[in-house]
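**Student:** okay, sequence plus prediction incoming.
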Amino acid sequence: MEKNQTMVTEFILLGFCLGPRIQMVLFGLFTLFYAFTLLGNGLILGLISLDPRLHTPMYFFLSHLAIVDIAYACNTVPQMLVNLLRPDKPISFAGCLTQTFLFLTFALIECLLLVVMSYDRYVAICHPLRYSVIMNWRVCITLMVASWACGSLLALVHVSLILRLPFCGPHEINHFFCEILSILKLACADTRLNQVVIFVACMFILVVPLCLVLVSYSRILLAILRIQSGEGRRKAFSTCSSHLCVVGLFFGSAIVMYMAPKSHHPEEQQKILFLFYSLFNPMLNPLIYSLRNTEVKSALRRAMCKKSHSQLE
């Protein structure tokens with residue numbers, strides 16, 4: 001029995017059970033989305049780093065969101081693209097757990113980051129005169145370090161609990177990446193402890209942060225309604241609505257995946273939800289922020305003008 005438990009040293013990711021032609025179409029489509037994700041988030045990072053007017057706490061947090069989105073895409077999409085071309089290509093046990101750890105880390109960091117960004121907007125709109133005092137750079141850096149540390153440590157807990165489990169076959173993961181729930185289905189032992197830890201983590205990392213975000217934005221909405229200037233209301237609504245779009249996309253898909261009854265979502269539907277969560281969200285985030293944020297659009301115009309002037313010289 002011990003020999004059988006150590007036999008599984010690699011996994012096969014089944015990916016999408018579709019015909020070869022459809023898989024080639026998906027390969028081209030997902031490659032395009034992947035390029036847009038890297039380009040869009042890279043553009044946000046470049047504008048924030050190059051434009052001194054964007055060196056504020058809000059864009060400091062936005063730059064970290066872009067970094068997390070790039071990391072998301074780079075962690076899952078290349079493996080998915082390889083599987084679309086070579087469905088039988090295995091991934092090592094260590095590589096699979098590494099992918100799980102990174103995915104959980106970036107997911108948890110983004111949860112905490114969205115809460116921090118909602119608090120930043122709450123202070124900026126509800127306490128504008130004290131904003132520079134409350135959200136000073138020391139506080140911003142502390143919040144970021146805490147978010148990255150908490151996300152990494154909690155992901156490490158999940159992976160450590162997986163490492164204690166024996167895997168004696170089968171070695172086929174019915175997913176397009178090494179998602180934690182799909183890996184647990186292959187374990188040859190009781191996984192109730194893992195399931196309980198995942199549920200508790202969802203309560204603290206999804207439900208509680210979502211409640212904090214909703215509380216922040218309910219107060220922001222009341223503060224916006226009291227603004228007498230129409231231009232001030234429009235600018236506040238524009239900034240906050242873009243953030244709420246990101247929050248809705250992220251928390252909505254995550255709660256459906258990890259907290260909804262699994263019987264209501266067959267495995268193929270869950271793959272689509274994870275695809276939206278791991279590929280479409282990172283691609284849409286920079287579009288939402290850039291299209292609805294006048295400061296980002298102004299920074300882009302200034303960068304384009306500066307480039308055209310330098311070419312003329």
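**Tutor:** Structure's in. What do you need? Residues are numbered from 1 along each chain as shown.
**Student:** is it true that residue 36 touches residue 283?
**Tutor:** Yes. Residue 36 lies in contact with residue 283 (C-beta atoms under 8 Å); the separation is 5.3 Å. Heads up, the C-betas are built off the backbone N, CA and C, glycines and all.
**Student:** more crowded one of these two?
**Tutor:** residue 283 (22 against 17; other C-beta atoms under 10 Å).
**Student:** does the more buried one sit in a helix or strand, and which one?
**Tutor:** helix 281-292 (DSSP states H and E).
**Student:** helices and strands around that helix, which ones?
**Tutor:** Applying 3 or more C-beta pairs under 8 Å, 6 or more residues apart in numbering; DSSP states H and E, we find helix 281-292 packed against helix 20-50, helix 57-85, helix 230-259, helix 294-312.
**Student:** looking at these, which is buried most?
**Tutor:** helix 57-85 (a mean of 21; mean count of other C-beta atoms under 10 Å).
**Student:** quick check: angle from that helix to helix 230-259?
**Tutor:** 40 degrees (axes from the mean of the first three to the mean of the last three C-alpha atoms, to 10 degrees).
**Student:** show me which helix runs longest in this structure.
**Tutor:** Ranked by number of residues, the top helix in the chain under DSSP state H is helix 93-126.
**Student:** put the alpha carbons of the helix or strand following that helix into CSV.
**Tutor:** Note on helix 93-126: by DSSP H and E, the next helix or strand toward the C-terminus is helix 131-134. The C-alpha coordinates for helix 131-134 follow below in CSV (Å, rounded to 0.1, in the frame of the first residue of the first chain):
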residue,chain,number,x,y,z
TYR,A,131,-6.7,61.8,3.8
SER,A,132,-3.0,62.7,3.6
VAL,A,133,-2.7,62.0,7.4
ILE,A,134,-4.6,58.8,7.5
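**Student:** after helix 131-134, which helix or strand is next? Please name it.
**Tutor:** Counting by DSSP H and E, what follows helix 131-134 is helix 137-163.
**Student:** who are the contact partners of residue 144?
**Tutor:** Residue 144 sits next to 60-61, 64, 113, 116 when contact means C-beta atoms under 8 Å, 6 or more residues apart in numbering.
**Student:** ok, back up a step: of the helices and strands packed on helix 281-292, which is nearest residue 151?
**Tutor:** helix 57-85 (9.0 Å; C-beta to C-beta).
**Student:** now do the closest one, average pLDDT.
**Tutor:** Summarised as a single mean, pLDDT over helix 57-85 is 90.
**Student:** if we can go back for a sec, for the longest helix of the chain, packing partners?
**Tutor:** strand 10-13, helix 57-85, helix 131-134, helix 137-163, helix 180-184, helix 208-225, helix 230-259.
**Student:** mind listing what's buried in that helix?
**Tutor:** 93, 96-97, 99-126 (16 or more other C-beta atoms under 10 Å).
**Student:** residues touching residue 194, list them.
**Tutor:** Contacts of residue 194 (C-beta under 8 Å, 6+ apart): 158, 161-162, 165, 184.
**Student:** the residues you listed: which two are farthest apart?
**Tutor:** The widest separation within these (C-beta to C-beta) is 11.7 Å, between 158 and 165.
**Student:** of those two, which one has the most company?
**Tutor:** residue 158 (20 against 17).
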